[in-house]
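S.K.: Generate coordinates for the sequence data below:
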Amino acid sequence: MDTYITPETVETVEAILDSPEGVEVMTAKNFELGKRFFSFKLLEQRLRQVLMNFGQL
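M.R.: Residues are numbered from 1 along each chain as shown. Next comes the predicted model:
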């Protein structure tokens, strides 16, 4: 899905949601991406960098 939802996009999403295996695969992938890019450890590292740049640490 880029800028708007096409009939093909709807068909793809319906096919995924109708397949428990497809949902499980996508959920697992999204969970791993979330851990990688939105973890508390990453947040802590980024905040530490910001504070160091402003002389707070």
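S.K.: Show me which helix runs longest in the protein.
M.R.: Using DSSP state H, we find that the single longest helix of the chain is helix 20-37.
S.K.: Quick check: mean pLDDT of the helix or strand following that helix?
M.R.: Once the chain leaves helix 20-37, the next helix or strand it forms, by DSSP states H and E, is helix 40-53. For helix 40-53, the mean pLDDT works out to 90.
S.K.: and Ile16, how many neighbours?
M.R.: Neighbouring residues of Ile16 were enumerated by other CB atoms under 10 Å; the total is 13. To be clear about C-beta, it is placed using only N, CA and C from the backbone, and glycine gets the same treatment.
S.K.: any idea how far it is from Glu44?
M.R.: 34 Å (CB to CB, to the nearest Å).
S.K.: Ala28 now?
M.R.: Per CB to CB, Ala28 is found 25 Å from Glu44.
S.K.: do the same with Glu14
M.R.: Relative to Glu44, Glu14 is positioned 40 Å away (CB to CB).
S.K.: repeat for Ser19
M.R.: In this structure, Ser19 and Glu44 are separated by 37 Å, where distance is defined by CB to CB.
S.K.: and what of Gly22?
M.R.: 34 Å.
S.K.: Which of these two has more residues huddled nearby?
M.R.: Taking Gly22 and Glu44 together and counting by other CB under 10 Å, Gly22 has the greater number of neighbours (13 against 10).
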